[in-house]
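> A predicted structure for the sequence below; I have some questions about it.
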Amino acid sequence: MEDLKSYAELQNYFNNDAFVLKTQQQISKDFAKFNLFFTDSFETNPFSKEEIETQIANQLVDIMKQGETRLLQLLYTIDVAEKDFLHLTTQPNFVQELAHKVLYREAYKVYLRMKFSSYTD
């Protein structure tokens, strides 16, 4: 896997079904820690980037109903920077933007794991 020179380059990896599936599994794993579950097919069938973001957005809405503290705990687990979260709170499409940020953070974890370990196809 080539070096990732910018966060935007991560987009290219979404053309690889194996990478997408590993990303979905990472998302599912982190959300499950908060009793937020995706469909069984989410962990076995690669979705489009847009479908993944929609699924994440739905889960974010559910956790926001539990309170800000729960949301912040989830974001801490996923490793979304607090400054990024605070910036997004002023956006009119907050949930969609946050879902996008979560997806890319989870994908970046998968990228790093693939690059620096034996986590391969």
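Perfect, I can see it now.

> going by C-alpha atoms from here, please, whenever you check contacts or count neighbours.
Fine.

> residue closest to the middle of this protein?
Leu103 (2.6 Å; Cα atoms, centre = their mean).

> and the closest residue to it other than its chain neighbours, what does it touch?
The spatially closest residue to Leu103, leaving aside those adjacent along the chain, is Glu53, at 6.7 Å (Cα to Cα, 6 or more residues apart in numbering). By Cα atoms under 8 Å, 6 or more residues apart in numbering, the contact list for Glu53 reads Gln96, Ala99, His100, Leu103.

> likewise Val110?
Phe19, Lys22, Thr23, Gln26.

> okay, now Asn16: neighbour count?
10 (other Cα atoms under 10 Å).

> turn the contacts of Glu53 into CSV, including secondary structure and pLDDT.
As requested, these are exported to CSV (DSSP: H, G, I helix; E, B strand; the rest coil; pLDDT from 0 to 100):
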residue, secondary structure, pLDDT
Gln96, helix, 96
Ala99, helix, 97
His100, helix, 93
Leu103, helix, 95
